[in-house]
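Novice: Here is my input, please return the structure:
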Amino acid sequence: MRQGADLLHEARERERAGCIPEAIARFGAAIAAAERSGEQTVLAEALRRLAVLRHHGNQSDEARALCRRSYEVARQIGNELLAAEALNTLGGLHLAAGTVEDDPRTFLEALQLGGSSRELRARVEQNLGILANIQGELREAIARYERSLEEYRGAGDEQGCAIAYHNLGMVSADRGRFHAADCYFQEARGLAERVGDQHLRGLCLVNHAEVDVARQRFEDARQKAEDALAVFDHIGARDAKAGAYRVIGMVYRETGRPALAEARLRAAIELAVAAGSLLAEAEASGELALLYQAMGRNQDALRLLNVAHGLFRRLDARVDLVHVGGKAAELEATYLAVVREWGRSIESSDSCTFGHCERVAQHGVAMARALGLDDEAETTILLGAYLHDVGKGRVPHEILHKAGPLTRAEREAMELHPVWGSELLANVEFPWDLKPIVRWHHEHYDGSGYPDRLMGDEIPLAAQVVGILDVYDALTTSRAGQPALTADRAVEKILECRRWWSERVVAAFLKVLAPSLVPHG
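Specialist: Numbers count the residues shown, from 1 in each chain. Okay, the predicted model is just below:
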């Protein structure tokens, strides 16, 4: 019968070497041996170590149960340091799963119990750094990681130093400090190689490769990502391969090889889905959306952006040192770029109307603020304005460019563009309610509009805002034999038709575009 301590030591060696299935088996054997022999210290540590591996294997419930048991065993034997280690690990598991409300109390309790240990202080500071990073407090995160590094150095823990350097590289990259990130990732990888931590070595390669992409060092990025793939293949870490495939796809996209880029990014998404990694799926979906944007595949781009947006907004995507709020904000900026580009592409064939959507969007934001609408409603109007005429792509060219009055049949075809636009967007889901704007921006409050003859408040406020600005911009722009009106004359025309919109919308329009006509009390 082998001793639990020996089995625990072997399990740790297997874990460092990246032989995870063997490490799990040996930790299990160490637990069984410790239970038989009464080695409670070994039992508490083996339970905690196994919990970490179970978590990495997407068995989070079992991981937390093992960790809680480790804490109970440590408290029963009065070992405060082991109890603190279990608390810190449990807090880290909750943090990774997004099941705490950004609460540092578990970590602070761990510090209170075992703060005399430099190793523990290093790990707690590391977790507090992750917490700060998730909250978007990147300077605080750097300060915590630097303290963690100092404690690991004092304890002579090279593996811990490697983790701290890796974390510093990640947050430096998030802040755009790419030179510092280069240095940190190089240090981390060197230490990971020295201590034999293959998994961490692979992560350093992938994340450093992403910095290379940002610095347009594409061949360096590709080589690092392929080296990471080899590492992950060797240790059987299939879940980690998604990141490497994503970076390779980014390299191919940026170097003009779209077919290869699409294949690699789709592989990244498939690997992430199989591993249950919401973050990896979100990031790969966002990168594939950028590829589709560059290829002019706007509907595919928006569909993937919506997938990524939903994943980032899910609480359990808050893992791996990522400031998810910042990632979601970046994604929304990409969303805006795709929508703006799509709107411009509809106008590009007609020099008379080029810039129409941009002007309607800008005035729409101003009207949203005049109406006192919230940020979400403002974004809805902004994006809806860019897409409101997307259905005009199906209107025959000769009708769009006809200099004289339209025939009845031609006008009926023109009036179908809101319907065609809503059909075009039918299979595209949006985080914002854009489709009513596309379909109903030509509806009138008095029921005289099209295509559905809506009346009054049946017409959404956002559609009314875009509708009144659409008319104003048409009046003030030269089109197909129709000279542009002055701003004042256009406002007069709007007021002649004010029954087409609610008084609230007309008042906001005047406040933005004709403030001299707004009565002051």
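Novice: which residues touch the helix or strand encompassing residue 506?
Specialist: Under the criterion of DSSP states H and E, residue 506 resides in helix 503-513. Applying Cβ atoms under 8 Å, 6 or more residues apart in numbering, the external contacts of helix 503-513 come out as 363, 366-367, 370-371, 461, 464-465, 468-469, 472, 487, 491, 494-495, 498, 501, 517-518. Using the backbone N, CA and C atoms, a C-beta is placed for each residue, glycine as well.
Novice: show me the contacts for residue 438.
Specialist: Per Cβ under 8 Å, 6+ apart, neighbours of residue 438: 384, 387-388, 390-391, 418, 421-422, 425.
Novice: Skipping adjacent residues, who's closest to it in space?
Specialist: residue 421 (4.3 Å; Cβ to Cβ, 6 or more residues apart in numbering).
Novice: Just the buried residues from the contacts of helix 503-513, in PyMOL please.
Specialist: Filtering the contacts of helix 503-513 down to the buried ones (16 or more other Cβ atoms under 10 Å) takes a single PyMOL command:
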select buried, resi 363+366+367+370+371+461+464+465+468+469+472+491+494+498+501
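Novice: Point out the ones among the contacts of helix 503-513 that are inside helices.
Specialist: 363, 366-367, 370, 461, 464-465, 468-469, 472, 487, 491, 494-495 (DSSP state H).
Novice: Now those in a markdown table, please, with extra columns for distance to residue 19 and pLDDT.
Specialist: Output for these, formatted as a markdown table (distance: Cβ to Cβ, whole Å; pLDDT from 0 to 100):
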| residue | distance to residue 19 | pLDDT |
| --- | --- | --- |
| 363 | 62 | 94 |
| 366 | 61 | 95 |
| 367 | 62 | 96 |
| 370 | 64 | 94 |
| 461 | 61 | 96 |
| 464 | 64 | 96 |
| 465 | 61 | 96 |
| 468 | 67 | 96 |
| 469 | 64 | 95 |
| 472 | 69 | 94 |
| 487 | 73 | 90 |
| 491 | 75 | 92 |
| 494 | 73 | 93 |
| 495 | 78 | 93 |
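Novice: Now for these: which two are most distant?
Specialist: 461 and 487 (23.8 Å; Cβ to Cβ).
Novice: coming back round to it: identify, from the contacts of residue 438, the entry nearest to residue 274.
Specialist: Of the contacts of residue 438, the one sitting nearest to residue 274 (Cβ to Cβ) turns out to be residue 425, at 30.6 Å.
Novice: From the contacts of residue 438, which land in helices?
Specialist: 384, 387, 418, 421-422.
Novice: so where is the stretch 51-200 of the chain shaky, pLDDT-wise?
Specialist: 96-103 (pLDDT under 70).
Novice: The stretch 251-400 of the chain now?
Specialist: Within the stretch 251-400 of the chain, the stretches with pLDDT under 70 are 313-330, 346-354.
Novice: now the strands for it?
Specialist: Taking DSSP state E, counting those that start in this stretch as the criterion, the stretch 251-400 of the chain carries no strands.
Novice: what number of residues lie near residue 118?
Specialist: 17 (other Cβ atoms under 10 Å).
Novice: Can you verify my assumption that it contacts residue 154?
Specialist: Yes: between residue 118 and residue 154 there is a contact under Cβ atoms under 8 Å: 4.9 Å.
Novice: With distance to residue 129 as extra columns, can I get the contacts of residue 438 in CSV?
Specialist: Compiled in CSV, the contacts of residue 438 are given as follows (distance: Cβ to Cβ, whole Å):
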residue, distance to residue 129
384, 40
387, 41
388, 45
390, 45
391, 50
418, 51
421, 47
422, 47
425, 42
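Novice: Now rank those residues by neighbours and give me the top one.
Specialist: residue 388 (32 neighbours).
Novice: in the stretch 1-150 of the chain, which spans are strands?
Specialist: Counting by DSSP E, counting those that start in this stretch, the stretch 1-150 of the chain contains no strands.
Novice: Which stretches in it count as helices?
Specialist: 4-16, 20-37, 40-56, 60-76, 80-97, 105-114, 118-134, 138-155 (DSSP state H, counting those that start in this stretch).
Novice: Mind putting those into a markdown table with distance to residue 455?
Specialist: Below are the helices of the stretch 1-150 of the chain laid out as a markdown table (distance: least, Cβ to Cβ, whole Å):
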| stretch | distance to residue 455 |
| --- | --- |
| helix 4-16 | 69 |
| helix 20-37 | 65 |
| helix 40-56 | 57 |
| helix 60-76 | 53 |
| helix 80-97 | 50 |
| helix 105-114 | 56 |
| helix 118-134 | 48 |
| helix 138-155 | 51 |
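Novice: And the ones you listed: which comes nearest residue 200?
Specialist: helix 4-16 (9.4 Å).
Novice: What residues of that closest one count as buried?
Specialist: 4-5, 7-8, 10-12, 14-16.
Novice: roughly how far out does the helix holding residue 506 sit from the chain middle?
Specialist: Centroid separation between helix 503-513 and its chain, computed with Cα atoms, centre = their mean, to the nearest Å, is 36 Å.
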